[in-house]
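Q: take this sequence and fold it.
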Amino acid sequence: MSEANHIQPVILCGGSGTRLWPVSRPALPKPFLPLLGERTLFQEAVARVADAARFAQPMIVAGAQHSAHIEAQLEGAEHRLIVEPAARNTAPAIALAACLADAEAILLVCPSDHHIADASAFRAAAEAAMRLAVEDLLVAFGIAPTRPETGYGYIRRGEAIAGGFRVAEFVEKPDLARAQHYLASGEYSWNGGIFAFRAGALLAELETHRPAMAKAVCEAVAAGREDGARFYPDGDAFAAIEGESIDYAVMEPTAAAAMVPADMGWSDIGNWASLQDALSAQVDADGNVARGHADLERCTNVLATSDGPRISAIGLEDVCIVVSRGEVLVTTRAGAQMVGTLPGAQGE
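A: Reported below is the predicted structural model:
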């Protein structure tokens, strides 16, 4: 692969991870925690694009409050850090990177807080996406679904094209009956929030569908300043932007949406139940995962994790118990999606 065809990773560090409270907190949120092993989710995201034969050095988009975590966890690796003046969702964050990249660069947009078990499958999908992106298609990774998940958006495949598919439609999070239908049909993939597009093509689509946002982002970049590896967009121009996801702002309205299938052991680690699922290597014969000082008797499918005090549980099923820094969370697996609504998770 020639230097001109290197893929430009863009790693987004905007998630707060409130559904993983009390371990994930505003000062040290989900991306910067070693939830699955010794490395953090952010470090794993960087490692997946560390192949110099395929990828350029990453552009990382994050708020100022997390810059120190990013630079400490990069451990000297080359990068460019775009410091967002304010949180405005994924469309403005990605547009900042597109404005700073060469117009012909193929951007690979990756959340910093997801788990991918098969890095080689991820890289193969990235190369397939690049081949479509050079044709000015805006490419989403379509994650192979493994269950009728109601917590994810879906992508319905359209006509087959070389290396992937056209997107027939993006679908919001379904109820269980529709999720079961999607899984049975074989036409739907999960929308994992991983995208690839030529920087200039993305900006052209943004100007078409969200002209005010495109103008404000360009102004923020034009009036921004460099400081070593950091770039600071202009705060006043960026603050004027109305935040919106890349899905709503560009991917849904564009006529150029495509997808590549990706079966790579993906999880967004969106709550304690999904973390338990991702820790399958640590599951005992009863489906339990115990981390730290935890004793489980006659329990089934229980996650128990503690940073100190002992957890003792008897006769529980489908429950998550988390003890961290003086806080205790107990939830059913079904209720794990609601953890972010608790007062503690909101900082109250």
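Q: quick check: residue 28 vs residue 38, distance?
A: Per Cβ to Cβ, to the nearest Å, residue 28 is found 16 Å from residue 38. The C-beta positions use only the backbone N, C-alpha and C, and glycine is treated the same way.
Q: more crowded one of the two?
A: With neighbours defined as other Cβ atoms under 10 Å, residue 28 and residue 38 compare such that residue 28 has more, 15 against 6.
Q: hang on, isn't that one packed against residue 72?
A: No: contact criterion Cβ atoms under 8 Å: residue 28 and residue 72 do not qualify, at 11.3 Å.
Q: spit out the contact partners of the nearest residue to residue 310 once chain neighbours are set aside.
A: Sequence neighbours aside, residue 293 is the residue nearest to residue 310 in space, at 4.5 Å (criterion: Cβ to Cβ, 6 or more residues apart in numbering). Listed by Cβ atoms under 8 Å, 6 or more residues apart in numbering, the contact set of residue 293 reads 306, 308-311.
Q: dump the residue contacts of the nearest residue to residue 63 once chain neighbours are set aside.
A: In space, not counting the residues next to it along the chain, residue 63 is nearest to residue 84; the distance is 5.2 Å by Cβ to Cβ, 6+ apart. Each residue near residue 84 by Cβ under 8 Å, 6+ apart is listed here: 14, 61-64, 92-93, 96, 233, 238.
Q: take the residues you listed and keep only those in strands.
A: Per DSSP state E, strands hold the following members of these: 61-63.
Q: report the buried members of those.
A: When the ones in strands among the contacts of residue 84 are checked for burial by 16 or more other Cβ atoms under 10 Å, the buried set is 61-62.
Q: I'd like the ones in strands among the contacts of residue 84 as CSV, with pLDDT and distance to residue 114 appended.
A: Output for the ones in strands among the contacts of residue 84, formatted as CSV (pLDDT from 0 to 100; distance: Cβ to Cβ, whole Å):
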residue, pLDDT, distance to residue 114
61, 98, 15
62, 97, 15
63, 95, 19
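Q: quick check: of the ones in strands among the contacts of residue 84, which lies closest to residue 127?
A: Taking Cβ to Cβ as the measure, residue 127 lies nearest residue 61 of the ones in strands among the contacts of residue 84, at 22.9 Å.
Q: okay, now residue 103: neighbour count?
A: By other Cβ under 10 Å, the residues close to residue 103 number 13.
Q: what's the distance between it and residue 199?
A: As it turns out, when the distance is counted by Cβ to Cβ, residue 103 lies 5 Å from residue 199.
Q: do residue 213 as well
A: Note on residue 213: its distance to residue 199, by Cβ to Cβ, is 16 Å.
Q: dihedrals phi and psi, residue 175?
A: Main-chain torsions, residue 175, degrees, to the nearest 10: phi -80, psi 180.
Q: then residue 145?
A: Dihedral angles of residue 145 (phi, psi; degrees, to the nearest 10) stand at phi -80, psi 140.
Q: that one contacts residue 184, doesn't it?
A: No: under the criterion of Cβ under 8 Å, residue 145 makes no contact with residue 184, lying 10.4 Å away.
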